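Enquirer: quick one: sequence plus predicted model below, questions after.
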Protein chains: 2
Amino acid sequence: MPDTILVPAETLHRQLTAVFAAWGMSGEHANTAAMIMVDTDLTGIDSHGVGMLPHYQRLFREGRLDPKATPTIARDHGPGVLIDGHAAIGHVPAHLATTTAIEKAREFGIGVAAVTNSNHYGAAGWYARLAAEQGMIALSLTNSSHLMVPLRGTQPALGTNPIAFSAPTRDPARPVLLDMATTTVAYGKISIARRAGKPLPPGWALDENGEPELDSARASDARRLAPLGGTREQGAHKGYGLALMVEILCATLTGAGSAQLHTGHFFLVLNPTAFRDREGFQADLDDLLTRLRDNPPADPAAPVLIPGDPEHDTTVERRRDGIPMVQTLVEEVRVVCEESGAAFLL
Amino acid sequence: MPDTILVPAETLHRQLTAVFAAWGMSGEHANTAAMIMVDTDLTGIDSHGVGMLPHYQRLFREGRLDPKATPTIARDHGPGVLIDGHAAIGHVPAHLATTTAIEKAREFGIGVAAVTNSNHYGAAGWYARLAAEQGMIALSLTNSSHLMVPLRGTQPALGTNPIAFSAPTRDPARPVLLDMATTTVAYGKISIARRAGKPLPPGWALDENGEPELDSARASDARRLAPLGGTREQGAHKGYGLALMVEILCATLTGAGSAQLHTGHFFLVLNPTAFRDREGFQADLDDLLTRLRDNPPADPAAPVLIPGDPEHDTTVERRRDGIPMVQTLVEEVRVVCEESGAAFLL
C-alpha cells in the first residue's frame, strides 16, 4: 500500500458531502463546507482541509457542532451585521458572513460581519480570497482553541488566532493572499518535526517554565506555542499583541467569548471604488507588486514572492495531479465514514 | 551640563507650537501636531515625538511638507471617507481622519478614513487610542519610508509600516493599546545599539546579501531591517506580509503611492454597540484581560502584561517628573528654533 494516494478534488468533495449528509446537514450547507475544505487542500494548507474531519466529528459527537443548524443574521446595522452561527460547522456561518459583508461593501463601500456561536471555519484565507475574487479588499480573522502562551506567561491562553488579508489584482486567480497564524508556527509544524524525529528551533514552542522547548515530542504533547517573534528580543510581544487583537474582534466584539472551543470570526470587506477609481487602484497595485518581485534576490533561484504565490502554484499542481493524502488520514476518513454511516469513496 | 534634562509636557508643547507657528502653521494645526507629539513623548515612544522635529524641518525645507496646508475631505461615501492631506504635517490630516471615522462609527457603527498625500504622522497608536477613549475599537495604519527588506530580497522596499490597535476598557486611561512596527525592531533600536557599541542579534537587520547583519554601525548606515520574524524559519514571511497589507491599505487604496516619502494612512473605527450591548462587551473584555494578567508568569517579578501597560506607566511617571531629553536632541531643537526664527524655550 503506498504511503500517499492522490485524490481528485471532485472525489474528495463527494466524500465530504456524503459524510456531512449522513450527519444530517442540508445539501447546501454540506456543499459549502466541502467546497471550502477541498479548496484548502488544493492550496496546500493540508492542516485545515479534510485533515480536520476527525476533529469536526468529535465536535459533532460532543454536541458542540450542530450539523442541522442554520446561521441567522442576529443584528443588521447599516454596513455591519452580527451573525449567529447556532453552533453550525464554522464554514457555513463564515460563508454567509463573507457574502453578506461583500454585499454591504457594494452598498456602503465597507462591510463588516462579526460571527458568534460558531466553530472552526477552516483556513482564514479562503474567505478573504472570495472577496478579492469579486474585486474587494478583505480581512478574515478567527479565534481558536488555546495554544499560544502570552509573553512572560507559561500557560496557553490564546489561540493561534490567524490573520488573513486579500486584495484583488487584475488576475482573479492571483490575488494578494496573506494567511498567517500569530504564533511563530502553526501546531502542524510541531507534529511534522516530531514525526521526522527532529528538534525544534528556539522560538517555536515553550516548556512549562516559559523557556524554549526544543524537543519536538515534548512540545507536541505540551501544546504551548510561542507568539510570532518567539522571544521578547525578537518581537514576541507583537505576535502576542496581534493575537489579542484577533481575540477581541472575534470573541469579545461578537460575544462568542474566550473560553476553550468558543469560536467567533470577524470579516472586513472594503470596496476600493468607494475610495478611488478602479483603474488607478489596480495600476498602483501592479506597480507595487512588480517592484517587490524585482527586488534583487539573495538567491537568484529564489526570487521575492508575493503572499499567495505558493498557494496559487500548489493549486495548479493539485488540480492537475490530485490532492495527496497520507494513508493514516485516509484510514481516519474511513473510520469517520463507518461511524457516520456514510459511503467510503476514496 | 547633564546628559539629559527633564522637560515638563507644557513646556515642550509651547516649544513645538512656537516652531510650527514660525513655519506659518495655523494655531489650531500647530496645537494638534504639538499635542500628539508631546503625548507620544509622555508614553515613552521617544523616537516618534519631539525627536522627529529635525526630520519634519527637513521635509519642510525640501518643500515636501506644507505647514499652511488644510486637509480636505476629498470623498465622502457613507461610512467611508478619503482625506487629502495636501502635504500637511501628517498629524493634522490623521487627526481629522480619526475624528471623522469616530463620527462615522457613531452614525453607521463603522467608520473608515483613508488619507492620501500626507506626511509622517508620529506614533500610530495615538490615533487608535483617541478612538478607544471614546468607547470605540480602532485600527491605525501608516506606510513609511523604505527600510524593510522583503523576505528573499536584499534591498529595502517597504517601510516599518506599523499596526496600531486599541480597544476601550472600563478605565479610559487604560485602553488595550498595541502599537508595533512590522519589522522585528524599529530603526531606533539599531541606533541605540550603535551608540552602546553593541552587536545586534540575528533577525534585526540584514547585509547587502540578505544575510543577518550583526554589526550595529554597519546596520545603522545600511538601513536594511528584517521583517518581524527575522528569518523564514522564524516567520519573516509574516512580518513581510503584514507590511504589504499595510502598504496596500495606506498607499494603494488611498492613492498616496509607494514611492519613497509618499505617505498615506488608514483608520478603521468600530462601535461595539453596533454589534452587542456595551455592558456585555466591557465585562467580556475585563474577563479576557484578567485571565491574561493571571497567567502564571515565568518570572513572578514580571507578570504578563496587556499591550499599553508600559505606555500607561511611563505616562504617569513623565507627567510627574517631566520628559527626559538628551542634550544632543535639545541642541537639535535649538538649531531648528534658530533656523526657524522661533524662540528657544527648553
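Expert: That came in fine, so what should we check first?

Enquirer: C-alpha from now on. contacts and neighbour counts both.
Expert: OK.

Enquirer: what ranges do the strands span in the stretch 151-300 of chain A?
Expert: Taking DSSP state E, counting those that start in this stretch as the criterion, the stretch 151-300 of chain A carries its strands at A:163-167, A:176-180, A:263-270.

Enquirer: can I get the longest one as CSV, trimmed to CA atoms?
Expert: What follows is the C-alpha trace of strand A:263-270 in CSV, where atoms were taken according to Å, rounded to 0.1, in the frame of the first residue of the first chain:
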residue,chain,number,x,y,z
THR,A,263,-15.4,30.4,18.4
GLY,A,264,-16.2,33.7,16.6
HIS,A,265,-15.0,35.3,13.4
PHE,A,266,-14.6,38.8,12.1
PHE,A,267,-14.7,39.9,8.4
LEU,A,268,-14.0,43.3,7.0
VAL,A,269,-14.6,44.0,3.3
LEU,A,270,-13.6,47.2,1.6
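
Enquirer: report the separation between the one residue in the stretch 201-346 of chain A that gets nearest to chain B and B:Q155.
Expert: When scored by CA to the nearest CA, the stretch 201-346 of chain A has A:P297 as its residue closest to chain B, at 4.3 Å. Using CA to CA, to the nearest Å, A:P297 is found at 9 Å from B:Q155.

Enquirer: then A:T160?
Expert: 31 Å.

Enquirer: neighbour-wise, which of these two wins?
Expert: For A:T160 versus B:Q155, neighbours defined as other CA atoms under 10 Å in any protein chain shown are more numerous around A:T160 (30 against 25).

Enquirer: neighbours of A:H55, how many?
Expert: Per other CA under 10 Å, the neighbour tally for A:H55 reads 12.

Enquirer: just want the most central residue of chain A.
Expert: By CA atoms, centre = their mean, the mean C-alpha position of chain A lies nearest to A:A123, the distance being 1.9 Å.

Enquirer: nearest spatial neighbour of it, skipping sequence neighbours?
Expert: Distances taken as CA to CA, 6 or more residues apart in numbering or on different chains place A:H48 nearest to A:A123, at 5.6 Å, with adjacent residues excluded.

Enquirer: try A:Q57
Expert: Once flanking residues are discounted, A:Q57 sits nearest to A:V336: 7.3 Å by CA to CA, 6+ apart.

Enquirer: that neighbour reaches A:R58, doesn't it?
Expert: No: A:V336 lies out of contact with A:R58 (CA atoms under 8 Å); the separation is 9.8 Å.

Enquirer: who's more crowded, those two?
Expert: The neighbour count for A:V336 versus A:R58, taken as other CA under 10 Å, is higher for A:V336 (20 against 13).

Enquirer: residues in contact with the residue of the stretch 51-200 of chain A found nearest chain B?
Expert: Per CA to the nearest CA, A:G153 is where the stretch 51-200 of chain A lies closest to chain B, at 4.3 Å. A:G153 is in contact with A:210, B:295-298, B:303-304, counting by CA atoms under 8 Å, 6 or more residues apart in numbering or on different chains.

Enquirer: the residues you listed into JSON lines, with extra columns for distance to A:P71?
Expert: Formatted as JSON lines, the contacts of A:G153 follow (distance: CA to CA, whole Å):
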{"residue": "A:G210", "distance to A:P71": "40"}
{"residue": "B:N295", "distance to A:P71": "34"}
{"residue": "B:P296", "distance to A:P71": "38"}
{"residue": "B:P297", "distance to A:P71": "40"}
{"residue": "B:A298", "distance to A:P71": "42"}
{"residue": "B:P303", "distance to A:P71": "40"}
{"residue": "B:V304", "distance to A:P71": "37"}
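
Enquirer: from the contact counts, what lies against the lowest-mean-pLDDT helix or strand in chain A?
Expert: Ranking every helix and strand in chain A by mean pLDDT, DSSP states H and E puts helix A:187-195 at the bottom, with a mean of 89. Counting contacts by 3 or more CA pairs under 8 Å, 6 or more residues apart in numbering or on different chains; DSSP states H and E, helix A:187-195 is packed against helix A:216-222.

Enquirer: tell me the buried residues in the helix it packs on?
Expert: Going by neighbour count (16 or more other CA atoms under 10 Å in any protein chain shown), the buried part of helix A:216-222 is A:216-220, A:222.

Enquirer: neighbouring contacts of that helix?
Expert: Against helix A:216-222 from outside (CA under 8 Å, 6+ apart): A:187, A:190-191, A:193-194, A:197-200, A:205-207, A:213.

Enquirer: out of the residues you listed, who's the most crowded?
Expert: Within the contacts of helix A:216-222, most neighbours by other CA under 10 Å means A:A205, with 32 neighbours.

Enquirer: so what's the residue count around the nearest residue to that one once chain neighbours are set aside?
Expert: The spatially closest residue to A:A205, leaving aside those adjacent along the chain, is A:L225, at 4.4 Å (CA to CA, 6+ apart). Number of residues near A:L225 (other CA under 10 Å) recorded here: 34.

Enquirer: list the contacts of A:G188.
Expert: Going by CA under 8 Å, 6+ apart, A:G188 touches A:S47.

Enquirer: what's the burial count for A:L289?
Expert: 17.

Enquirer: my guess is it contacts A:I306. True?
Expert: Yes: the pair A:L289 and A:I306 passes the contact test of CA under 8 Å, sitting 7.1 Å apart.

Enquirer: just to revisit the earlier point, beta partners for the residue nearest to A:A205?
Expert: Note on A:L225: beta-bridge partners A:M148, A:A205, judged by DSSP bridges.

Enquirer: so who does it touch?
Expert: A:147-149, A:156, A:183-185, A:187, A:204-206.

Enquirer: separation between A:K104 and A:A30?
Expert: 25 Å.

Enquirer: who has more neighbours out of these two?
Expert: Comparing A:K104 with A:A30 by neighbour count (other CA under 10 Å), the higher total belongs to A:A30, at 25 against 22.

Enquirer: for that one, give me its contacts.
Expert: Neighbour list for A:A30: A:16-17, A:20-21 [criterion: CA under 8 Å, 6+ apart].

Enquirer: try 6 Å
Expert: With contact taken as CA atoms under 6 Å, 6 or more residues apart in numbering or on different chains, A:A30 is in contact with A:17, A:20.

Enquirer: and the pLDDT at it?
Expert: The model reports A:A30 with a pLDDT of 98.
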